[in-house]
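Visitor: fold the stuff below for me.
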Amino acid sequence: MAREFLLVDGYNVIHAWDELRRIVNEQNLEIARSRLLEILSNYQGYKKIDVIVVFDAHRVKGTRKVITYHNINVVFTKEVETADHYIEKVVHQIGRDYRVRVATSDGLEQIIILGKGASRMSARELYTEVKQVEKNMRKKFIEKKQLDHSNRLEGHLDSGVLEWMEKMRRK
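Guide: Model (predicted):
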């Protein structure tokens, strides 16, 4: 299976999703950004793809900053560099060798990245996919819980620990 990347225009998604836009209005942008990263971290854990979230910093003095947040990469672009420009560069570099999807509702950006070999998804499509993944994760968790009929400690421990406990009990 070929490696897959999802590049996300962070602020574009924040302003497109009702939940995150409400957080911006009622609290602040930093909390909305953290919430988006939490959501995408869970999504990445389920989908097992490389997720790169890009935030504009073109009005902020300084150089590009790349951090790892749990299991995703987060890029704060450098001064005078937009998220769109950074995403275009990355797609140009890896778009022909890997499966790359870009999540943005910016129509012009979607056209540009399609020409560079990536597929596009709107912020709304990403939202729908994320909600489906959350639903699948809940279903999987509930099914697992239903299979474990007992609520005994041994039902929650791995076999090595159980074996050690049994040896201790027999001494």
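Visitor: please enumerate the strands of the chain.
Guide: Using DSSP state E, the strands of the chain run over 4-9, 50-55, 65-69, 72-76, 99-103, 119-121.
Visitor: residues near Ser34, how many?
Guide: 12 (other CB atoms under 10 Å). Every C-beta, even on glycine, is put in place using the N, C-alpha and C of the backbone.
Visitor: ok, residues contacting the least confident helix or strand in the chain by mean pLDDT?
Guide: Every helix and strand of the chain was ranked by mean pLDDT, DSSP states H and E. The lowest is helix 107-115, at a mean of 82. Under the criterion CB atoms under 8 Å, 6 or more residues apart in numbering, residues 9, 84, 87-88, 91, 95, 100, 102, 104, 120, 122 lie in contact with helix 107-115.
Visitor: stretch 39-58 too?
Guide: Here stretch 39-58 has contacts from 3-11, 33, 36-37, 64-65, 69-83, 86-87, 90, 129-130, 133-134, 136-137, using CB under 8 Å, 6+ apart.
Visitor: buried ones in that stretch?
Guide: By neighbour count on 16 or more other CB atoms under 10 Å, the buried set for stretch 39-58 is 39-44, 50-57.
Visitor: so what's the gap between that stretch and the chain middle?
Guide: The chain centre lies 3 Å from the centre of stretch 39-58; the measure is CA atoms, centre = their mean, to the nearest Å.
Visitor: thanks again, I'm all set now.
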